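Participant: Build me a structure from this.
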Amino acid sequence: MDPLSQDQLAAFAAVVRTGSFTRAARELHLTQPALSRRIAGLEERLATALVVRGPRQLTLTEAGRRLLGFVQAQRALEDELLAELAPRHGEHRGTIRICGMSSVVPDVIVPALAPFLLAHPAVQLDLHHVDDDDRAATVARGAADFAVSYDEPGHDQLARAEVGVEEYVVVERAKGPTRPDVFLDTSPADRATEWFFAHQPAKLRPRRWQRSFLDDEAGILLGVAVGLGRAVKARHTIPAGAAVRVDPRFAAVTRPVFLYQRPQRYYGRLHAEVARLLERELRARLKPRRAG
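Facilitator: Residues are numbered from 1 along each chain as shown. As a prediction, the model looks like this:
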């Protein structure tokens, strides 16, 4: 069956609310005959009378009372939906989904978003790290709103902005024995060590090395500190006072970082504000690319 006309339902609700065809027509900016035609059309659609016009007041039939209950329930559902999706000015609701490298998810994105999330408790965060070059693809297929990643060719349909660079160095245990031929990564998909050595002069590249996997940046840092091996890490992820040191034999290597999102004709207020916040905070927290 065809859905009920919203114009006819609005006319019916106005008649009930005002108790008068004349006042309802004035409220809806209609002529009284036009309003009457809408009510008549609704009664014809439902094959029953809805309103009885008395000499002094209007009376609803049983069908009219049932229809009024439906209109009120529909309005309540609409109010609830608008409260969730269209909050009052200055408020935000919804979920922001972000994926990124393990070097930026806890160390950069969390502190960058914390003040905004504290100010808008109805906004939820879905944040996770992806170690292979699949972060932009996650945005492209709609599984995330934003990705923070390196250059990922093949995603020209995405909007991206360069937000800085990460400087990578080799870290080792500050004091005590270590396993010098073991390098720690987060997972087999993490290619940071392989990428780093590919950018070193040939004489500095180890002839061979072994890999161990410690899940995340905190695990790698702990592993290096207790001597499980060395690691290639972004310099900004090494906290002051950590029980590790930078191995000066290797040259630091920088890599540009981009913020990815899907281009859309319309961005919701929450999405647009978070996009501006992320770009601003990432630029402030990551090193800029050197000119030339």
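
Participant: Quick check, Ala11 in contact with Gln32.
Facilitator: No - look at Ala11 against Gln32 with C-beta atoms under 8 Å: they stay out of range, at 11.1 Å. C-betas here are computed from N, CA, C, even on glycine.

Participant: Residue most distant from the centroid, the chain?
Facilitator: Taking C-alpha atoms, centre = their mean, the residue of the chain most remote from its mean C-alpha position is Pro55, at 59.1 Å.

Participant: What is the neighbour count of Ala275?
Facilitator: Other residues near Ala275 come to 18 when the count uses other C-beta atoms under 10 Å.

Participant: Go ahead and confirm Arg269 touches Arg93.
Facilitator: No - the pair Arg269 and Arg93 does not pass the contact test of C-beta under 8 Å, sitting 9.9 Å apart.

Participant: Which residue ranges of the stretch 151-292 of the chain form strands?
Facilitator: Here the stretch 151-292 of the chain has its strands, by DSSP state E, counting those that start in this stretch, at 159-173, 182-185, 210-213, 231-234, 244-246, 253-261.

Participant: Find me the pLDDT at the residue nearest to Arg235 when sequence neighbours are not counted, would you?
Facilitator: In this structure, Arg235 finds its nearest non-sequential neighbour in Glu167, 4.6 Å apart by C-beta to C-beta, 6 or more residues apart in numbering. pLDDT recorded at Glu167 is 94.

Participant: now Gly292
Facilitator: Gly292 carries a pLDDT value of 53.

Participant: Check what pLDDT Met1 gets.
Facilitator: Here the pLDDT value assigned to Met1 is 69.

Participant: give me the number of residues near Arg283?
Facilitator: Using other C-beta under 10 Å: Arg283 sits among 16 other residues.

Participant: oh sorry, the question was meant for Arg160
Facilitator: Other residues close to Arg160 by other C-beta under 10 Å number 18.

Participant: Check the contact between it and Arg262; I expect there is one.
Facilitator: No - contact criterion C-beta under 8 Å: Arg160 and Arg262 do not qualify, at 10.6 Å.

Participant: Now do the contacts for the residue lying closest to Arg208 once chain neighbours are set aside.
Facilitator: Distances taken as C-beta to C-beta, 6+ apart place Asp181 nearest to Arg208, at 7.0 Å, with adjacent residues excluded. Going by C-beta atoms under 8 Å, 6 or more residues apart in numbering, Asp181 touches Pro206, Arg208, Trp209, Gln210.

Participant: Quick one: distance of the worst-scoring helix or strand of the chain on mean pLDDT to the chain centre.
Facilitator: In the chain, no helix or strand scores lower on mean pLDDT, DSSP states H and E than helix 62-85, which sits at a mean of 83. In terms of C-alpha atoms, centre = their mean, to the nearest Å, the centre of helix 62-85 is set 31 Å apart from its chain centre.

Participant: The chain should start at 579 in everything you say after this.
Facilitator: All right, first residue 579 from here; so that's helix 640-663.

Participant: Can you list the low-confidence ranges for the stretch 579-728 of the chain?
Facilitator: Low-confidence regions of the stretch 579-728 of the chain, defined here as pLDDT under 70, cover residues 579, 661-662, 664-668.

Participant: Which parts of it are strands?
Facilitator: Using DSSP E, counting those that start in this stretch, the strands of the stretch 579-728 of the chain run over 629-631, 636-638, 672-678, 701-707, 724-727.
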